[in-house]
Structures are given as structure tokens and as C-alpha cells.
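Fold the stuff below for me.
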Amino acid sequence: MSRVCTFLLGVCLLAAYPVGAQRILPHSLGPWPATINPDPSGFSRLVPVATLQSVLAEYGVSATESVLYNAGAESVSDRVQATVFQMKDPSGAYGLYSFLRAPDMAPGDFSEHSSRSRDRALVLTGNLVLDVEGKDLNKLDAQIKSLLGAVSARAQDGPLPTLWQHLPRQGLIERSDRYVLGPQTLNQLFPGNLGDAIGFSKGAEAELARYHVAGREVTLLIADFPTPGFATEQLAELQKQFNVNGSKPDSGSPPLFARRNLTLLALVSGAPTKVEAEALLNQVQSGTQLTWDEPTFQFKEPSIEMMVVGAILGTGIICVFALVAGLAFGGFRLFIKRMLPGKVFDRGTQLQVLQLGLASKPINAEDFYGSVGTLAGGTPVDKNLPDRIALRIFR
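The predicted model follows:
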């Protein structure tokens, strides 16, 4: 897109898209005041207005603003034209940035996504795209950064598309990649007039770039779909409408070569043979990994014989455990009583005894400790202890 076209792009759309309620561009650029609505003469002869508006609508332009900063001198070197595009989300802003970027623009140092040439600077910041034009902008770095700082304060940050990561690097023409969200934009960039046959109405997004393959320039288009099923259906539709993979050799239309990789659908235009096209198609790989042979749990009810045997074995194990635990406890008790008589167990002077009188014989607490007032081992009975608790049940 030429410099004049980009210069007048925002001016044309000021009539179609309302300017935001809050002004984005500052009222002045240092000592240079801003003038709104520069002269748009000659724009309609360069690019059809309706086509350009539809492309911007696909990217989601919600407002535009364009001003001319003029130092007051008659020299054009003292003028800077600034246009800002406000998008609905950062993804649309990224797509518009890639669409407006000219091939002769080198990477800029204004932000992560910025490009510049001698007379133009293009910067992506959040959901805003800033386009600055002027004479010898290399001398106006400070002014451009000041302008970008004012614009960035109004931007809304968010995630950017990552479909470009699937583009092969071998043979790629630098800065030729474009992010596409609609059929009108695709028709402007990809040969064949595919339009919505690529499946934008089904939620597809696309990325394209130009490559050098065997001394020839070809264009690679990658479309990403929500599911592999949508990608398979769209490839079948393309083969019905266009000469894809030799489906219509007598149609007279240039051949297209396509391949599906999970949710990705890759098409190559400009390659004369399938061999040259596969040099690119083989490099397109989806980042999704699907595994179909992972083991799964399946519940299987045991037979009645196994349940009966299991119940018997379980009961036997519980009984054995109870027997072993009882013997261990009894043995431990006997051992302690022998090693420490009257110290741990049978401490008559320190324990109260609960008696159940189940016979007619009267209960005498002293019976449990001997009639002579001593316990086994010669330990005397403390007569000052509270009365023993006695419970007698009469029949």
C-alpha cells in the first residue's frame, strides 16, 4: 500500500466510523499544534473506498482519528501526519498492523511490534495501531515516542494471535506475513479469490506469507479451525470449488496445493508442481499432539466365587489379627507384671475398683487386696482412700 494511500486511510474512514468519546491523539506534539481533517484529494483514485472499509470492518475497527501536526512553516519537513485506529481487541489490531505494514519497512525500536521507513512509522500498542507519516522521520524519534506514550495510555492490552508460529522459516520473505480474519482481506492478499471458501464463517483464522521456493515466489496460507472435523470439511469444499490438489485440472484456474494437519489447513499458490508445493507443506506442523492408544480404566464385576472366597479370606485375616493382637497384649501384660509388680498393673493403693455383685455374698472391697491390709508383694493398703465404688445387683 503506498504512502499516500496510508496517509489518507484514516481520513476516509472518519466519515464511516465515529471518533471515540475521548480523544486519543494529543492536542499538540511539543510546540506543534494539531489540525484535524487534512485534505483527502486523490485518495479514491488509489484504492476503492468500499473495499478498504470492508477490510477494516473485518479487523474490527471501532473508531479512527487522524490529525496533522504542523510547525507553522511552509516546509513539508515540519509536518507530521498521525492516524490512530482503535480496534475491538488486540487480535484485530495485530491483523491491521500486519496489513498496513509495507514490505520496505524495517523493524522499529518503538515497541515489540513496530516498523519504520524514512517517511513512515507504524506501531502496534494493545488494541490501537498508530500510523505516523512525514519527511525524514529519523530526525523525529523523540516526537514519535512522545506521541506513542500518549496513545499507549489509552490502549487495552490483551493476548495476540500465535498462528504465525506455524509458518516455516526456510525461504520466508521477511515482513511478508499477514494475519487475516475475513474474506475481503484474503482476496486482497491471496491469489485465487477464495473469499469465504476458506471458512471464516466457521470460526477460522488465517495467516499467510510469501516464500522463495526453487527460484520462484509462492504464497503460503495457513488456516486454523476449532476442530479437525471442520478442517476436513473445508478442504473437501475447496476441492469442489477450486483446482485444489488437481481436483479440477480442466478449470483453467491456477492450481492450489493443500494439506490438512489436525486443525490446520495449509494451501500453496504459485507453485507449478506438487513437488515444489510440498517443500512448504511438509514444514507446516500443528502444535497439538493427539494420542489414541492410551490405556483406559474398565470396571469389571468379579464373579460370585471370587466374592465368597474373598469374604472368607478377609474374615480369616481379621480373626488371625485379633488372636495375635490378644496374645501380644496378654503377653506384654504378664511380662510387665512380673518385671514391675504393683507398679503398672494391680495398683490397689491408687485405683478404685468397680464391683458387680452378681452373687448373694456381700461385697467387701478388702477382699480384692487381702484381709490383712496388704497387697501382693507387701504393699500396704491405704485406709484413707475414698470408699471403693460398689455396685450390687440383687436377684
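
Okay, now the unreliable bits of the protein?
Low-confidence regions of the chain, defined by pLDDT under 70, span residues 1-22, 36-51, 71-77, 286-300, 346-395.

ranges for the helices of it?
Listed in chain order, the helices found in the chain under DSSP state H are 3-13, 49-59, 90-100, 141-152, 183-189, 228-241, 274-281, 304-339.

helices or strands up against the third one?
The criterion is 3 or more CB pairs under 8 Å, 6 or more residues apart in numbering; DSSP states H and E, and the helices and strands that helix 90-100 contacts are helix 49-59, strand 79-87, strand 120-125, strand 128-134, strand 178-180, helix 183-189. Quick note: C-beta positions are derived from backbone N, CA and C, even for glycine.

7 Å - rerun?
helix 49-59, strand 79-87, strand 120-125, strand 128-134, strand 178-180 (3 or more CB pairs under 7 Å, 6 or more residues apart in numbering; DSSP states H and E).

what about the residue nearest the centre of the chain, distance to D177?
In the chain, the residue lying closest to the centroid (CA atoms, centre = their mean) is P159, at 8.5 Å. Relative to D177, P159 is positioned 18 Å away (CB to CB, to the nearest Å).

Near the closest residue to P255 other than its chain neighbours, how many other residues are there?
Excluding its sequence neighbours, the residue lying closest to P255 (CB to CB, 6 or more residues apart in numbering) is N243, at 5.2 Å. Counted with other CB atoms under 10 Å, the neighbours of N243 add up to 19.

How is this structure divided into domains?
The record's domain parsing of the chain by automatic domain parsing lists 1-159, 161-290, 297-339, 345-395.

distance between the second one and the chain's centre?
Meaning domain 161-290. On the basis of CA atoms, centre = their mean, to the nearest Å, domain 161-290 sits 24 Å off its chain's mean C-alpha point.

Now stretch 324-340 - C-alpha only, CSV.
The C-alpha coordinates for stretch 324-340 follow below in CSV (Å, rounded to 0.1, in the frame of the first residue of the first chain):
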residue,chain,number,x,y,z
VAL,A,324,-2.2,-62.3,67.5
ALA,A,325,-3.1,-58.9,69.0
GLY,A,326,-4.7,-60.6,72.0
LEU,A,327,-1.8,-62.8,72.7
ALA,A,328,0.6,-60.0,72.3
PHE,A,329,-1.3,-57.8,74.7
GLY,A,330,-1.7,-60.6,77.2
GLY,A,331,2.0,-61.5,77.0
PHE,A,332,3.0,-57.9,77.3
ARG,A,333,0.8,-57.5,80.4
LEU,A,334,2.2,-60.6,82.1
PHE,A,335,5.8,-59.5,81.3
ILE,A,336,5.2,-56.1,82.9
LYS,A,337,3.5,-57.6,86.0
ARG,A,338,6.5,-59.9,86.5
MET,A,339,9.1,-57.3,85.9
LEU,A,340,7.3,-54.4,87.7
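
Count the neighbours of the residue nearest to F230 when sequence neighbours are not counted for me.
Excluding the flanking residues, the one nearest F230 by CB to CB, 6+ apart is K202, at 5.4 Å. Neighbours of K202 under the rule other CB under 10 Å: 15.

what do you get for G199?
24.

I'd say A279 and V213 touch.
Yes: A279 is within contact range of V213, at 5.5 Å (criterion: CB atoms under 7 Å).

Just the CA atoms of stretch 149-168, as CSV, please.
The C-alpha coordinates for stretch 149-168 follow below in CSV (Å, rounded to 0.1, in the frame of the first residue of the first chain):
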residue,chain,number,x,y,z
GLY,A,149,3.4,7.4,25.0
ALA,A,150,0.2,9.4,24.8
VAL,A,151,-1.5,6.8,22.7
SER,A,152,-0.4,3.8,24.7
ALA,A,153,-2.1,5.3,27.8
ARG,A,154,-5.4,4.7,26.0
ALA,A,155,-4.7,1.2,24.8
GLN,A,156,-6.2,-2.0,26.1
ASP,A,157,-3.7,-4.9,26.4
GLY,A,158,-4.6,-8.5,25.7
PRO,A,159,-3.2,-11.7,24.0
LEU,A,160,-2.1,-11.6,20.4
PRO,A,161,-2.5,-14.3,17.8
THR,A,162,0.1,-17.0,17.7
LEU,A,163,-0.7,-18.6,14.3
TRP,A,164,2.4,-17.0,12.8
GLN,A,165,4.5,-19.5,14.8
HIS,A,166,3.4,-22.3,12.4
LEU,A,167,4.9,-20.5,9.4
PRO,A,168,8.1,-22.2,8.1
